[in-house]
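Asks: what's the 3D shape of this:
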Amino acid sequence: MPQSPTKQVWLEIHKEAHHFSCAHFTIFSATKRENLHGHNYSVRARALCTIADNGLCFDYNELKLMIENVCDSLDETTLVPALSPHLSIRHETDYVCVDFADETMKFLPRDVKTLDVRNVSVEELANWFVTKLTSKQKFQSLSIDRFELSVSSGPSESATAAWIP
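Replies: Below is the predicted model of the structure:
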């Protein structure tokens, strides 16, 4: 009996819950940065998968929930790039102090989320999301052959990062 061909599909996931609103500033050099401002980011994901005998690739509610949880962790915060060579981040008693050039910005700790990125940009955020999600054991248990995730800060700006095991 001939072997049936492998059936692969791209599952595309984009839900209203896959968004977050946050403040940030882009750093251009040791002395130049944008003013603090905000975006309403949205996240889209694509997973290349093989259809199993039951007609499904996997329970993609699990992937949707993982993406939603990461978005929720960023929502209504000020994102600060912990890996920027141009910033110094200090934790004082009541504030998180961010030093840039000759400026010090003070934030309440509950309002700040430091990320392991060099800059808060769509390209760094896309890679950060992919790293965060693919490091989870739950993600690794899903039957995904390739994963792509896009972060958009509006209709004209987005970046996509890929994971290929």
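Asks: contacts, neighbours, all on C-alpha from now
Replies: Noted.
Asks: what's the end-to-end length of stretch 63-83?
Replies: With C-alpha to C-alpha, to the nearest Å as the measure, stretch 63-83 spans 28 Å from end to end.
Asks: mind listing what's buried along stretch 119-136?
Replies: Neighbour-count burial for stretch 119-136 flags 119-130, 133 (criterion: 16 or more other C-alpha atoms under 10 Å).
Asks: show me how far that stretch is from its chain's centre.
Replies: A distance of 4 Å separates the C-alpha centroid of stretch 119-136 from that of its chain, computed with C-alpha atoms, centre = their mean, to the nearest Å.
Asks: so what touches that stretch?
Replies: The list of residues contacting stretch 119-136 from outside it, by C-alpha atoms under 8 Å, 6 or more residues apart in numbering, reads 24-27, 66-67, 70, 79-81, 83-84, 116-118, 139-140, 148-153, 157-163.
Asks: and the residues you listed, which of them are buried?
Replies: By the neighbour-count criterion of 16+ other C-alpha under 10 Å, the contacts of stretch 119-136 include these buried positions: 24-27, 66-67, 70, 79-81, 84, 117-118, 148-153, 158-162.
Asks: what helices or strands is the top strand by length along the chain leaning on?
Replies: Across the chain, the strand with the greatest residue count (assigned by DSSP state E) is strand 37-50. Helices and strands in packing contact with strand 37-50 are listed as strand 8-13, strand 19-24, strand 146-154; criterion 3 or more C-alpha pairs under 8 Å, 6 or more residues apart in numbering; DSSP states H and E.
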